[in-house]
Structure formats: structure tokens, C-alpha cells
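Asker: any chance you can model this:
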Amino acid sequence: MHRRDFALGLAAAGICACSDRPAAAPPAPSRTLEPEPEPELPAPGPPPPPIPAAALGPPLITRAALDARAAELRERHAGRGFTVLVEPPFVVLGDEPPADVQRRADRTIHWSVLRLKHDYFARDPARIIDVYLFADRASYGRNTRELFGEEPDTPYGYYSPKHAALIMNIGTGGGTLVHEIVHPFMAANFPACPAWFNEGLASLYEQCGERDGQIVGYPNWRLPGLQAEIRGERLRSFAELCAGDSDDFYGRRSGANYAQARYLCYYLQERDRLRDYYHAFVAGADLDPGGYATLQKILGHRDMPRFEREWRRFVLDLEWG
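Answerer: Model (predicted):
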């Protein structure tokens, strides 16, 4: 979950479009768009086929560098009861029992990173990202204030480029963590990614599992609010969504924007077009920075108003819960 100061200077710095602190918090979305606690991810099935080493190139961060960072953090946080371990390309810290921290590293971080890299991301983040997994809301709030000097403005967790950290209330489940993992990978692989697709893809995996060894998103808590927007004829066109900047995306209609972007990604996933869209968008972003022309090409639709009517019917037919 990110705040609306997202883009000021970040693209030029090569940093992901996900903000650190809000310049001014946007109005809260309607209750139909408020999240609920997320379930644990499923036990992983067989991993996807490995990506050829030639396609990845040498890792930007070595295991030795990760081990050194882990040792530094163990010393820095001695006495806080943290378990610190390495799960490439991250260093993971948690205040749950050590076995639980290890399980989350294996079943959420390793599981999702493997599948996200297989489908989308050839490059790891260029710098080490620390992943703080706090056991519950009280621990999350207290440690965020003490370690980072911040008051969290979401009860679930966020990515802080300033601190090179994912800071999570893991007691709400693994979905927000997978959402936030997408952002540093997007920064490393598609730094020009607009807010709508960055958040749309990340939000897709707030409720996720796997199908044939690949990560897939499922309908989630954003669906009822989106259906209400469609029925009320308040939803804007995809052309407008793609053309908007980060201030627009994170503005007063941020809840609807997140939901619309997520379920466009969900539609593309269900039509086996999402990976094709991502890679075509990356390749053509210089000429199509908002991704709308690429969307038309991947969909094969000349008549986008007709497609949008079809997509809205598709969304209205979905069920959640």
C-alpha cells in the first residue's frame, strides 16, 4: 500500500514508484474498499522451470553482501528478540518465534519471488532490501516508530525507499507482503512504470496462489467496491486511467483506481495475456508511457469502448467471499 507522494523525483533516481511518507494523506476510500485481514499463502507446489542463467546475468547483490548485512543487523538490533536470516535478494527480520520467521521466508518470500521472477522480473533490486516482519499491530507500530521514526499510516505494511525496507504487520497475513515485494522488483526492471500498472500488478497478488506452478491472483476485498463503482456508472475509462499521473492515481479516487487497475490485470491474467502485456509494455514504454496503446494491441481490440463494456460485465460476474 502506498501513499501519494509516490513519484516526486523517484523515477529520476531509479527508485520504485512507492512512497515513503505522504505529503498529504488522501481521503480514506469508502468502506467497501477497506481491506480485511489476508489469509496465509498456500503451501508451495512444484517450482516453475528455472530461468536460463544467460537471461538473468550476474546477481547485483552477492550472497556475501547479504550475509554481511544480516550480521550487521543482528548486531544493531541485539536484544530486540529479532530472528535475522537471508532469503535472497532480501534480508528478513522478524519478532515471531524463529520457526515462524523461517516459514514466512520460505512460504511467502521465496515462494513469491521465484514465481514473480519467472514471469516478469529478470533483475533483482540493485540494493539490499530489509524485510521487517512484525508479529502484530502493536509490535508493528512500536518498532516502526522506534526504528524508523515514523508513524505507520496503514495497518498492513508498506515499502520505504528511504530506508530500503519493507515494513510489515505480518499478523494480517502474507498478501500485503507479496504486494510490496512487487515494487522493488518493478523499480529494478521497469523504473518508468506508471502508478496504475505498478499498483495494479502488486494489488493482484494481495490474494494469490498458484496455477500450474505460476503465481496467480484471486478475487479479493477490492471487488465489491469496484462493482459498486461500475453499477453507479462512476468508473472512468481505461484511457483516462492510463493517462493519469501518480498524483491523479493516489488522489481522492485512489480506492477505485487501485481496484480498476487490479481487475484489469486480473482480466489479462485470466485471458493469459498479463505476462505478454508486461513485457510488451516494458519494450514499448518510450513510445507508450501510459501503456494504453500496448493494451489495445495485446487485447486485439480496435473498439475499446466495446471492450470496456465486456470487461465491466466480466467484473460484475465475479464473486468474492
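Asker: other SSEs contacting the top helix by length along the chain?
Answerer: Identified as the longest helix of the chain according to DSSP state H is helix 254-270. Helix 254-270 sits against helix 195-204, strand 214-217, helix 223-231, helix 238-243, helix 274-284, helix 304-317, with contacts defined as 3 or more C-beta pairs under 8 Å, 6 or more residues apart in numbering; DSSP states H and E. (Each C-beta comes from the backbone N, C-alpha and C, glycine too.)
Asker: buried stuff in the longest one?
Answerer: By neighbour count with 16 or more other C-beta atoms under 10 Å, helix 304-317 contains the buried residues 304, 307-308, 311-312, 315.
Asker: before we move on, what about the second one?
Answerer: Of all the residues in strand 214-217, those buried under the rule 16+ other C-beta under 10 Å are 215-217.
Asker: just checking, residue 223 touches residue 266?
Answerer: No - using C-beta atoms under 8 Å, residue 223 is not in contact with residue 266; the gap is 9.2 Å.
Asker: tell me how far the nearest residue to residue 249 once chain neighbours are set aside lies from residue 83.
Answerer: Of all residues not flanking residue 249 in the chain, residue 195 sits nearest, at 4.0 Å (C-beta to C-beta, 6 or more residues apart in numbering). Remark: distance between residue 195 and residue 83 (C-beta to C-beta, to the nearest Å) = 34 Å.
Asker: neighbour count winner among the two?
Answerer: Neighbours per residue, other C-beta atoms under 10 Å: of residue 195 and residue 83, the larger number sits with residue 195, 25 against 18.
Asker: from residue 111, how far out is the more buried one?
Answerer: Going from residue 195 to residue 111 by C-beta to C-beta gives 26 Å.
Asker: equivalent analysis for residue 219, please.
Answerer: Computed as C-beta to C-beta, the residue 219 to residue 111 distance reads 20 Å.
Asker: have a look at those two and say which one is more surrounded.
Answerer: Legend: neighbour count by other C-beta under 10 Å for residue 219 and residue 111, higher for residue 111 (24 against 16).
Asker: what helix or strand is the more buried one located in?
Answerer: helix 111-119 (DSSP states H and E).
Asker: list the strands paired with the next helix or strand after that helix, with their directions.
Answerer: Elements were assigned by DSSP H and E; along the chain past helix 111-119, the next helix or strand is strand 129-134. Next to strand 129-134 in the sheet, as set by DSSP bridges, lie strand 90-94 (parallel), strand 165-169 (parallel).
Asker: ok, then the element right after the last one?
Answerer: Next along the chain after strand 165-169, taking DSSP H and E as the criterion, comes helix 175-189.
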